[in-house]
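quick check, what structure comes out for this input:
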Amino acid sequence: MVIRQIYTPCLAQASYFLASDGEAAVFDPLRETQSYIAEAQQLNAEVKYVFETHFHADFVSGHLDLAAKTGATIVYGPNAAPSFDALIASDSQEFFVGKCKIKVLHTPGHTLESSCYLIHDEDGKPTFLITGDTLFIGDVGRPDLAQDTAADLTSEILAGMLYDSLHTKIWPLPDDLVIYPSHGAGSACGKNMSKETFDTLGHQKQVNYALNPNLSREGFIAELLDGLANPPAYFPQNVFLNAKGYDALDHVLEKSLNPLSADAFRTAAEPADVLILDVRHETEFTTAHIPGSIFIGLNGTFAPWVGSVLEDVNRKLLLVTPVGKEQEAITRLARVGFDGVIGYLDGGFDSWQAAGFETDFIENISPEAFAEVLSEETTVVDARKPSEYQSGHVNNALNLPLDSINSAIHAFPKSKFYVHCAGGYRSVIAASVLKKNGNHHAVNVLLGMNGIRKTELPLVSV
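Residues are numbered from 1 along each chain as shown. This next block holds a predicted model:
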């Protein structure tokens with residue numbers, strides 16, 4: 001038996017590949033499927049099943065493309081109602097991949113169809129549990145992403161379902177079982193995930209609050225719902241794509257890999273519904289960029305921030321990328337359903353400058369220079385999460401997290417202010433969005449809080 005975790009850090013997402021005796025299965029695949037196919041070919045195995053733990057909200061799964069290319073059967077747990085051919089398994093139904101047995105455990109709570117897959121090794125021993133978003137390392141899935149499926153479904157009801165699923169389906173399993181979740185730290189599908197991407201069930205029973213046997217059902221519901229931020233706006237759109245279908249990634253790449261000269265690029269950007277997305281490094285963007293463009297760099301958690309900031313997966317996009325990174329950018333956009341790229345600037349930003357077209361910039365300031373200008377009258381915006389802000393912040397700083405920038409756009413200062421995050425990535429995104437919307441007053445603090453701390457400025461903790 002071979003089982004492998006394929007972890008994608010920029011999405012904080014894990015998929016899994018299982019092979020035994022000439023057959024293979026893939027669990028929660030990414031949209032780009034070639035790596036799974038190559039893995040199966042290397043092992044002389046036929047991909048028999050594509051198992052989905054639920055309809056994902058934070059990324060577009062590769063189930064349809066993988067099934068189309070391999071002939072594999074797509075499998076969901078109970079209550080799933082996709083708009084394409086799939087096997088809807090019953091609770092406790094068993095599947096075989098070579099000499100391995102896979103048992104479906106229906107675990108509603110994160111969503112109504114959420115299911116885990118208990119994998120028995122070739123000797124019949126239960127060894128791995130692929131938990132999807134039901135159980136994370138240190139956390140559990142949020143219960144507020146399936147409320148649109150029924151008028152009387154609330155977060156409280158789903159949280160109660162999740163408690164029941166954890167205690168009746170997962171708690172009784174062997175302590176030496178290896179837990180393989182769909183996400184790790186950084187995902188918006190939970191609120192307190194560990195940076196570790198797997199663990200034993202026994203250890204999780206000791207350290208994960210959600211598996212605390214002394215926590216009552218009511219206490220679990222209260223704990224789970226406490227401090228739960230609003231989900232990103234693109235989540236329901238990704239659920240729709242995963243349940244209803246989407247274009248093949250090969251087709252998306254074919255239509256999007258469209259090189260445009262600087263002249264053609266400028267013309268293509270004229271319609272109001274077209275957005276220029278610059279994916280270079282933040283320091284390159286602040287130095288010079290095309291006026292009206294928005295920055296979200298490939299070097300950070302690119303796809304989730306695209307979804308949170310741009311919100312609408314149907315946006316028409318023009319890309320400014322480092323030369324040679326065009327296909328990577330398009331692929332990573334497609335991971336979260338943004339298939340609307342209509343072209344990219346051929347030759348990168350240098351070609352725009354060589355054409356003599358207008359450029360813009362964002363003013364930067366070093367942490368040391370920021371420390372010198374900081375006074376009671378200085379206006380400071382902290383673009384980090386509330387939890388980061390509470391761990392220590394500049395005195396009198398206004399906390400306006402990047403993930404709520406669209407709803408809070410009018411709350412930003414209307415005169416000169418300094419904006420920072422932890423390392424400079426999120427603050428540049430914020431400054432670019434503000435500038436796109438007519439607010440030209442932001443000065444970006446280089447290196448953000450990481451640099452500010454080194455200046456030994458006195459910081460406030462809550």
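
mind listing the helices for the stretch 151-300 of the chain?
For the stretch 151-300 of the chain, the helices defined by DSSP state H, counting those that start in this stretch occupy 155-165, 201-207, 217-225, 235-244, 249-256, 262-268, 282-287.

compare the ones you listed and give me the one nearest residue 2.
helix 201-207 (21.6 Å; Cβ to Cβ). (Glycine included, C-beta is placed from N, CA and C.)

who touches that closest one?
For helix 201-207, contacts defined as Cβ atoms under 8 Å, 6 or more residues apart in numbering pick out 129, 135, 137-138, 170-171, 173-179, 211, 213.

could you point out which element follows the helix or strand hosting residue 67?
Counting by DSSP states H and E, the element that carries residue 67 is helix 63-70. Once the chain leaves helix 63-70, the next helix or strand it forms, by DSSP H and E, is strand 73-76.

and the next helix or strand after that following strand, average pLDDT?
Under the assignment DSSP H and E, the closest C-terminal helix or strand after strand 73-76 is strand 87-88. For strand 87-88, mean pLDDT is 98.

tell me what strand 87-88 is packed against?
Applying 3 or more Cβ pairs under 8 Å, 6 or more residues apart in numbering; DSSP states H and E, one finds that strand 87-88 makes contact with strand 73-76.

the strand it packs on pairs with which strands?
Here strand 73-76 is paired, per DSSP bridges, with strand 46-51 (parallel), strand 87-88 (parallel).

hang on, the earlier thing: now the helix holding residue 67 - C-alpha only, PDB.
What follows is helix 63-70, C-alpha atoms only, in PDB (Å, rounded to 0.1, in the frame of the first residue of the first chain):
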ATOM      1  CA  HIS A  63     -12.700  15.700  -9.500                       C
ATOM      2  CA  LEU A  64     -14.300  16.300 -12.900                       C
ATOM      3  CA  ASP A  65     -11.000  16.700 -14.800                       C
ATOM      4  CA  LEU A  66      -9.500  13.700 -13.100                       C
ATOM      5  CA  ALA A  67     -12.500  11.500 -13.700                       C
ATOM      6  CA  ALA A  68     -12.700  12.600 -17.400                       C
ATOM      7  CA  LYS A  69      -9.000  11.700 -17.900                       C
ATOM      8  CA  THR A  70      -8.900   8.400 -16.100                       C
END
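
just say helix, strand or coil for residue 443.
Per DSSP: H, G, I helix; E, B strand; the rest coil, the local secondary structure of residue 443 is strand.

what about it, neighbour count?
Neighbour count of residue 443, defined by other Cβ atoms under 10 Å: 20.

mind listing the residues bridging to it?
Beta-bridge partners, per DSSP bridges, of residue 443: residue 418.

surely it meets residue 364?
Yes - between residue 443 and residue 364 there is a contact under Cβ atoms under 8 Å: 7.3 Å.

so where is the stretch 51-200 of the chain shaky, pLDDT-wise?
147-151 (pLDDT under 70).

dump the strands paired with strand 73-76 to JSON lines, plus distance to residue 386 and mean neighbour count.
Shown next, in JSON lines, are the strands paired with strand 73-76 (distance: least, Cβ to Cβ, whole Å; neighbours: other Cβ atoms under 10 Å):
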{"stretch": "strand 46-51", "distance to residue 386": "36", "mean neighbour count": "24"}
{"stretch": "strand 87-88", "distance to residue 386": "40", "mean neighbour count": "14"}
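
for residue 286, which of those is the nearest?
strand 46-51 (42.6 Å).

which residues touch the residue nearest to residue 132 when sequence neighbours are not counted?
Leaving aside its sequence neighbours, residue 132 sits nearest to residue 53 (Cβ to Cβ, 6 or more residues apart in numbering; 2.6 Å). Shown in contact with residue 53 (Cβ under 8 Å, 6+ apart): 27-28, 77, 114-117, 130-134, 182.

again, but for residue 448
Residue 448 neighbours (Cβ under 8 Å, 6+ apart): 420, 421, 422, 423, 424, 426, 427.

off-centre distance for stretch 449-456?
Distance, stretch centre to chain centre, for stretch 449-456: 28 Å (Cα atoms, centre = their mean, to the nearest Å).

buried among the contacts of helix 201-207? Make that a ChimeraX selection.
Those of those that count as buried under 16 or more other Cβ atoms under 10 Å are selected in ChimeraX with:
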select :129,135,137,138,170,173,177,179,211
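
so of the contacts of helix 201-207, which ones are in strands?
If you go by DSSP state E, the contacts of helix 201-207 have 129, 178, 179 in strands.

could you list everything the first one pairs with in the sheet?
Translated: residue 129. Here residue 129, judged by DSSP bridges, has bridge partners residue 118, residue 179.

quick check: it touching residue 180?
Yes - in this structure, residue 129 is within contact of residue 180 by Cβ under 8 Å, at 6.7 Å.

tell me the contacts of residue 11?
By Cβ under 8 Å, 6+ apart, residue 11 lies in contact with 30, 58, 59, 187, 301, 303, 304, 335, 336.

closest one of the contacts of helix 201-207 to residue 144?
Closest approach to residue 144 among those (Cβ to Cβ): residue 135, at 17.1 Å.

who's the closest one bridged to?
Residues in beta-bridge contact with residue 135 (DSSP bridges): residue 140.

quick one: it and residue 182 touch, right?
No - using Cβ under 8 Å, residue 135 makes no contact with residue 182, being 9.8 Å away.

next, count neighbours for the spatially closest residue to residue 404 that is not a sequence neighbour.
Excluding the flanking residues, the one nearest residue 404 by Cβ to Cβ, 6+ apart is residue 230, at 7.5 Å. The criterion is other Cβ under 10 Å. On that basis, residue 230 has 11 neighbouring residues.

what's the answer for residue 90, then?
9.

contacts only, for it.
Neighbours of residue 90 in contact, by Cβ under 8 Å, 6+ apart: 78, 104.

next: residue 227.
The contact partners of residue 227, by Cβ under 8 Å, 6+ apart, come to residue 191.

circling back: dump the ones in strands among the contacts of helix 201-207 into TSV; add distance to residue 400 as well.
What follows is the ones in strands among the contacts of helix 201-207, written out as TSV (distance: Cβ to Cβ, whole Å):
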residue	distance to residue 400
129	40
178	41
179	36
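
how many neighbours does the closest residue to residue 119 other than its chain neighbours have?
Nearest residue to residue 119, sequence neighbours excluded (Cβ to Cβ, 6+ apart): residue 128, at 4.2 Å. Look at residue 128: counted by other Cβ under 10 Å, it has 22 neighbours.
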